[in-house]
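Novice: dropping a prediction and its sequence here:
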Protein chains: 2
Amino acid sequence: MKKYKETIIYSVGLALLMFLLKWIELRFIIFNHSFEIYVGLIALIFTSLGIWLALKLSKPKIETLVLEKEVYLTPSSDFTLNTSLITQLELSKRELEILSLMAKGHSNEEIASHICVSLSTVKTHNQNLFTKLNVKRRTQAIEKARRLNIIS
Amino acid sequence: MKKYKETIIYSVGLALLMFLLKWIELRFIIFNHSFEIYVGLIALIFTSLGIWLALKLSKPKIETLVLEKEVYLTPSSDFTLNTSLITQLELSKRELEILSLMAKGHSNEEIASHICVSLSTVKTHNQNLFTKLNVKRRTQAIEKARRLNIIS
DNA sequence: CATATTTTCATACTAAAGTATGAGATAGTT
DNA sequence: AACTATCTCATACTTTAGTATGAAAATATG
């Protein structure tokens, strides 16, 4: 619909332009005025037409302006959980899982029921975890893990 | 330098165009050919000129692209230990002191000897602390305090 | 000074955390 | 298949943490 309408408008415009040209031609022939003025007018009109066409049809030039916006992050939010260090410390999946639950403040019993194992299992994991991290208490484990970016 | 060169090129181009026009005019006058063809050529040339001008001179649309650049902050560098929240929770100096020692992974006994009070005292402080923070365990207290930026 | 708040301490108890040891089950590797 | 690492569980024990209650000093506040 829109395209159809546009086409009509452009056609009518072109027709009017033709009439204008013919009129100018007649005027200058009848009154026998300077040929150069006529050519100049033609040139002017068609230059304008060209400009208009170009602006209308050409794809807009887009210049990208890159603005850098600084986003402040708490370092923990990102850091992808220092994997190299984790492998270096040889912490297993379960141990890491338990470690992160610990850091959230859960008790051993809560952790046990959360990951569906017995309390004994959690305690065993804890022991291994503490040995690997070389700490004595869960709070120390949490502190160290946080410092080493092992947990978020 | 570049602008100067461009200007020369454009001038020369315009001059050449003039010569072309004059030549065409002469040809058609000498051979007395149709006036319409001449006008058509003028129109064509100047339309092209218009298009070229428009493309050359049109200002590019500027599109702003905002890139987010991540900047990491060391947590200690900023945050000034949310004092308003501390007063709101009515945490006393001692309680805060003990809280921060807790977060470092110390046991109650270690805390007691560190601040030169008895184990009982530390435990009492802990109780009040837990009540005020509305938590059940020291690990929860640490987690909450960290989340509320009460401790570093 | 009297009052309120904080800090201190003690005792007795319960609950949770941590240690030590042994061992079965599973899954991936050579 | 044998081996290794991981995950699992249990039991018994020790230590630490947390709860409840009461109360004596110290310190700030009107």
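Specialist: Structure's in. What do you need? A quick note: this is a predicted structure, and the numbers were derived from the prediction, not measured.
Novice: residue in chain A nearest to chain B?
Specialist: The nearest approach of chain A to chain B comes at A:G50, 2.1 Å away (CB to the nearest CB). Backbone N, C-alpha and C define where each C-beta goes, glycine included.
Novice: excluding its backbone neighbours, what's nearest that residue?
Specialist: B:G50 (2.1 Å; CB to CB, 6 or more residues apart in numbering or on different chains).
Novice: mind checking which helix or strand the one you found is in?
Specialist: helix B:35-57 (DSSP states H and E).
Novice: please apply the same query to A:E97.
Specialist: Here A:E97 is assigned to helix A:93-103, by DSSP H and E.
Novice: ok, is that helix in contact with DNA strand C or not?
Specialist: No - Helix A:93-103 does not reach DNA strand C (CB under 7 Å from any atom of the strand); its nearest approach is 7.5 Å.
Novice: give me the contact list for that helix.
Specialist: With contact meaning CB atoms under 8 Å, 6 or more residues apart in numbering or on different chains, helix A:93-103 is reached by A:86, A:91, A:110-111, A:114-115, A:122, A:125-126, A:128-129, A:132, A:138, A:141-142, A:145-146, A:150-152, B:139, B:143.
Novice: C-alpha coordinates for it, PDB please?
Specialist: Provided in PDB are the C-alpha atoms of helix A:93-103 (Å, rounded to 0.1, in the frame of the first residue of the first chain):
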ATOM      1  CA  LYS A  93      33.100 -31.600  42.600                       C
ATOM      2  CA  ARG A  94      31.400 -32.700  45.800                       C
ATOM      3  CA  GLU A  95      33.900 -30.900  48.000                       C
ATOM      4  CA  LEU A  96      33.400 -27.700  46.100                       C
ATOM      5  CA  GLU A  97      29.700 -28.100  46.300                       C
ATOM      6  CA  ILE A  98      29.900 -28.600  50.100                       C
ATOM      7  CA  LEU A  99      32.300 -25.700  50.400                       C
ATOM      8  CA  SER A 100      29.900 -23.300  48.700                       C
ATOM      9  CA  LEU A 101      27.000 -24.500  50.800                       C
ATOM     10  CA  MET A 102      29.200 -24.000  53.900                       C
ATOM     11  CA  ALA A 103      29.900 -20.500  52.800                       C
END
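Novice: for it, buried residues please.
Specialist: By 16 or more other CB atoms under 10 Å in any protein chain shown, the buried positions in helix A:93-103 come out as A:94-96, A:98-103.
Novice: still on that earlier bit, and the helix holding B:G50, what's its mean pLDDT?
Specialist: Taken as a whole, helix B:35-57 carries a mean pLDDT of 71.
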